[in-house]
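**Q** sequence? don't have it. structure:
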């Protein structure tokens, strides 16, 4: 009887106490089956994870391509053609650029852009640096002063330029009146080259000094106070602290403002055009303060030579790229010397 029961257990259904038998191994060529809805959800999740960042940044790139990259490339193509308003373009190659090289108006505008840029940018940044240094100390009404120095930046270019044009008027301007009290004869601030450029530079300096001062002030407030305390313990005066602590600490900010101010000086347009009045587009009666931007506008919309205007625009771009390359090279050389 025991033998029959044992045989029946061995050959029939497995005993409840026996361990479960392992599942058979899959064949090498067999494919695993996946659930339809869950696999689709996983696939959509991966697509969402990869595509969402591109969707968020796509509006910027689309806007840049439509209003930045396409005009830049199209202007470069126009600079290689002879294009008149209302006419078809004619391929000219580099002829527009060679015409600029032979044009005395172009070299005059380039020189005016350089001189106005220098006599407006250098005093502007120096005064902004000193003003920020004063505002960095604890003064009464410091908040009001910070708002006040930014007021010129918020003023309309047209309003500010018209006011300064009246101040620098040759016949009844306040500047010539004050010079007359000091025994100095009247200065022709409109028709003379250097007085006109100085007047335009004063407008630019007045408008942008406060803006740069606040940028410098923000950088100065990030300088650790421990450096000033250590310098004071060593007997350094405030002037020495400014030269040895403040200026080296905010050097990247100074370089940033130099680059931005240089770009703005190269693109100077509104102030000289409004200051010159009826002859503002040509930069005065003798082109004494015509900048590259004014020359580009005159070529494109007064004479209708869009090809030459596009060539001037690309020359301005190349000049800015050249200045940026020189700055990058100078920074690299300085880092190399400091590292060596």
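**A** Thanks, I have it. Fair warning: this is a prediction, and the values are worked out from it, not measured in the lab.
**Q** Tell me the buried residues in the host helix or strand of residue 144?
**A** Element membership for residue 144, per DSSP states H and E: helix 142-154. For helix 142-154, a neighbour-count test (16 or more other C-beta atoms under 10 Å) marks 145, 149, 152, 153 as buried. Just so you know, the C-beta spots here come from the backbone N, C-alpha and C atoms, and that holds for glycine as well.
**Q** ditto for stretch 98-109
**A** Of all the residues in stretch 98-109, those buried under the rule 16+ other C-beta under 10 Å are 100, 106, 108, 109.
**Q** Same question for stretch 250-263.
**A** Residues of stretch 250-263 classed as buried: 250, 253, 254, 257, 258, 261, 262 (neighbour count, 16+ other C-beta under 10 Å).
**Q** got it, and stretch 293-306?
**A** Residues 293, 294, 295, 296, 297, 298, 299, 300, 305, 306 are the ones in stretch 293-306 that count as buried (16+ other C-beta under 10 Å).
**Q** got those as JSON lines, with pLDDT and distance to residue 230 columns?
**A** Formatted as JSON lines, those follow (pLDDT from 0 to 100; distance: C-beta to C-beta, whole Å):
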{"residue": "293", "pLDDT": "95", "distance to residue 230": "48"}
{"residue": "294", "pLDDT": "95", "distance to residue 230": "51"}
{"residue": "295", "pLDDT": "95", "distance to residue 230": "53"}
{"residue": "296", "pLDDT": "95", "distance to residue 230": "52"}
{"residue": "297", "pLDDT": "94", "distance to residue 230": "54"}
{"residue": "298", "pLDDT": "93", "distance to residue 230": "57"}
{"residue": "299", "pLDDT": "92", "distance to residue 230": "58"}
{"residue": "300", "pLDDT": "90", "distance to residue 230": "57"}
{"residue": "305", "pLDDT": "89", "distance to residue 230": "62"}
{"residue": "306", "pLDDT": "91", "distance to residue 230": "61"}
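**Q** Tell me the one among these nearest to residue 80.
**A** Of all those, residue 306 has the smallest distance to residue 80: 11.8 Å, by C-beta to C-beta.
**Q** Make sure the closest one is actually in contact with residue 84.
**A** Yes: with contact defined as C-beta atoms under 8 Å, residue 306 and residue 84 form a contacting pair (7.0 Å).
**Q** quick one: secondary structure of residue 179?
**A** helix (DSSP: H, G, I helix; E, B strand; the rest coil).
**Q** so where is the chain shaky, pLDDT-wise?
**A** 1-37, 339-340 (pLDDT under 70).
**Q** Figure out the helix or strand that the residue most central in space within it lives in.
**A** Nearest to the mean C-alpha position of the chain, by C-alpha atoms, centre = their mean, lies residue 260 at 5.9 Å. Taking DSSP H and E as the criterion, residue 260 maps to helix 251-266.
**Q** right, and the helix or strand after that helix?
**A** Next along from helix 251-266, by DSSP H and E: helix 270-276.
**Q** show me what contacts residue 205?
**A** Neighbouring residues of residue 205 by C-beta atoms under 8 Å, 6 or more residues apart in numbering: 120, 123, 124, 127.
**Q** Quick check: which element contains it?
**A** helix 193-221.
**Q** Okay, strands next: where are they in the stretch 1-150 of the chain?
**A** Taking DSSP state E, counting those that start in this stretch, the strands of the stretch 1-150 of the chain run over residues 81-82, 90-91.
**Q** Among those, show me which one is buried the most.
**A** Most buried of the strands of the stretch 1-150 of the chain, by mean neighbour count (mean count of other C-beta atoms under 10 Å): strand 81-82, with a mean of 18.
**Q** Which residues does the helix holding residue 260 contact?
**A** The contact list for helix 251-266 (C-beta under 8 Å, 6+ apart) reads 113, 116-117, 120-121, 124-125, 128-129, 204, 208, 212, 215-216, 219, 247, 292-293, 316, 319-320, 323-324, 327, 331.
**Q** Which ones among those residues map onto helices?
**A** Taking DSSP state H, the ones among the contacts of helix 251-266 that sit in helices are 113, 116-117, 120-121, 124-125, 128-129, 204, 208, 212, 215-216, 219, 247, 292-293, 316, 319-320, 323-324, 327, 331.
**Q** Please indicate which of the contacts of residue 205 are buried?
**A** 120, 124, 127.
**Q** who touches the closest residue to the last one other than its chain neighbours in this structure?
**A** Okay, so that is residue 127. Counting by C-beta to C-beta, 6 or more residues apart in numbering, residue 127 lies nearest to residue 209, which is 5.2 Å off, once chain neighbours are set aside. Neighbour list for residue 209: 124, 127, 128, 131, 149, 152 [criterion: C-beta under 8 Å, 6+ apart].
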